[in-house]
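Trainee: Show me how the following folds:
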Amino acid sequence: MKKSFLIICSIVLLACQKQSGSDLKELYSLPKKLKEVSGITYFPETQTLYTLEDSGNKNAIYAIDSKGKLAKTITISNATNVDWEDITKDKSGNIYIGDFGNNDNERRDLCIYKVAKNQLNNDVAKAEYKISFSYPEQKEFPPKKKEMFYDVEGFFEQGGYFYLFTKNRSKGFDGTAFIYKIKNAAGTQKAVKIGEFKTCSNYNHCVLTSATISPDGKKVALLSHDKVLLFKGFKGDLFHKGTQTELNLNHFSQKEAIVFKDNNTLLIADEKTNKIGGKLYEFKL
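Mentor: Prediction:
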C-alpha cells in the first residue's frame, strides 16, 4: 500500500557499527514508470532484475536489464494486486509474488502467487498456483493498536518453504518482528511462527521493508530505510538465533527492496519520494 513517509534530516550522524555509507554505490535510476517499487529479485545468469509495485498499481512484474532499462512487462492475468509487497525466486528460477501487504492488519485474503520460469518470456502470464494463508496468532481484524504485528513487506523462498518477516505497525513501536514459515505448496494453510526478534525502537529507522537470503543460504539480510540487519551463523532456519549485526547505510530514503546479487553483495532499491530515490544501489558486505 502507499505508505506515509517521513523525510528526516539529522545534524547528528549515527555511529556506524561495521560500514559507512560510502559502501552504498548507486548503480542506476530505475525506469521512470516504476514509481513504487516494492520488491526485487535477481537472475545472475542474465543480469536481470525482476520487480513489482504495490497496491494501486498493475498486476504485473517487470524485467530490468543491467543498464537499468525496462526490458519487459509481464501481466499476471489471473492475479489481483491487492498489495504486492515483495518478489522472490526459488533455486529453479520460478518467481513468487507476495500479496501480503496489510497496513491496517485487517486482511483475510493474504496470498503468494507462483509464476513458473517458463512464463517469464511471455507478455501475459498466468500464475501456476496460489498459496492462501493466515496467521493463527491473529484473533481480531484489525487487532488492538498495540498488537498491529501482521503486516509483511519481506520474504524469501528456501528449501521448499517461504519465510516472512513482519512489519510492526503497533502503537508504541519497540522493534519486535515475527518470522513466519509457510510451505511452498498450492492451497490454504496457516503460517507457522518460528521466532521473533527486535530491531530498535525508532520506527523510521528500524521498521522492516524487505528480506533476502544469500545464494549459499548462510546469510539473511533485512532492510529498513537506512540500515541492513544481517543474520549469520544460524542453524537450519532459526535465523534469529544466529549473530545479529546492524549495518548502517548512512543514507535515508524509502528503501523497499533488497536481494543478494552474490554471497557478499546486496542490491537495494528505493521508491522515489519528494524527488529523492528511485534508484538501484549496490552494497558490499
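Trainee: Where does the prediction get shaky in the chain?
Mentor: 1-22 (pLDDT under 70).
Trainee: all helices for it, in order.
Mentor: Assigned helices in the chain, in chain order: 203-206 (criterion: DSSP state H).
Trainee: Quick test: name the residue nearest the centre of it.
Mentor: In the chain, the residue lying closest to the centroid (Cα atoms, centre = their mean) is Ser210, at 2.5 Å.
Trainee: Quick check: beta-bridge partners of that residue?
Mentor: Counting by DSSP bridges, Ser210 is bridged to Leu223.
Trainee: Quick check: it vs Val124, distance?
Mentor: As judged by Cβ to Cβ, to the nearest Å, Ser210 and Val124 stand 27 Å apart. C-beta: built from backbone N, CA, C; applies to glycine.
Trainee: Gly159 now?
Mentor: The value you get for Gly159 to Val124, if Cβ to Cβ is used, is 31 Å.
Trainee: what's the answer for Glu196, then?
Mentor: 40 Å.
Trainee: One more: Asn78?
Mentor: In terms of Cβ to Cβ, Asn78 sits 10 Å off from Val124.
Trainee: got the contact list for Lys235?
Mentor: Listed by Cβ atoms under 8 Å, 6 or more residues apart in numbering, the contact partners of Lys235 are 241-242.
Trainee: typed the wrong thing, it's Ala63
Mentor: Contacts of Ala63 (Cβ under 8 Å, 6+ apart): 48-50, 70-74, 120.
Trainee: from those, which is closest to Lys218?
Mentor: Leu49 (22.5 Å; Cβ to Cβ).
Trainee: who's the nearest residue to that closest one once chain neighbours are set aside bridged to?
Mentor: Nearest in space to Leu49, with sequence neighbours left out and distances taken as Cβ to Cβ, 6 or more residues apart in numbering, is Ile64 at 4.4 Å. When bridges are called by DSSP bridges, Ile64 pairs up with Leu49, Leu70.
Trainee: Might one say that Leu223 is in contact with Thr209?
Mentor: Yes - using Cβ atoms under 8 Å, Leu223 is in contact with Thr209, at 5.2 Å.
Trainee: who has more neighbours, these two?
Mentor: Leu223 (28 against 24; other Cβ atoms under 10 Å).
Trainee: tell me the contacts of the more buried one?
Mentor: Taking Cβ under 8 Å, 6+ apart, one finds 154, 208-211, 229, 255-258, 268 in contact with Leu223.
Trainee: Then Gly233?
Mentor: Counted by Cβ under 8 Å, 6+ apart, Gly233 has contacts 242-243.
Trainee: Now it: phi and psi?
Mentor: Here is the backbone geometry of Gly233 (degrees, to the nearest 10): phi 70, psi 20.
Trainee: related to what we said a few turns ago, of all pairs in the contacts of Ala63, which one is the farthest apart?
Mentor: Leu70 and Leu120, at 14.4 Å, using Cβ to Cβ across these.
Trainee: Between the two, which is the more surrounded one?
Mentor: Leu120 (19 against 15).
Trainee: Return the distance of the residue lying closest to that one once chain neighbours are set aside relative to Thr209.
Mentor: Closest residue to Leu120 apart from its sequence neighbours, by Cβ to Cβ, 6+ apart: Ile74 at 6.5 Å. Using Cβ to Cβ, we find Ile74 at a distance of 24 Å from Thr209.
Trainee: One more: Gly98?
Mentor: 12 Å.
Trainee: How about the contacts made by the nearest residue to Leu110 once chain neighbours are set aside?
Mentor: Excluding the flanking residues, the one nearest Leu110 by Cβ to Cβ, 6+ apart is Phe100, at 4.7 Å. By Cβ under 8 Å, 6+ apart, the contact set of Phe100 is 83, 85-86, 107, 110-112, 151-152, 155, 164.
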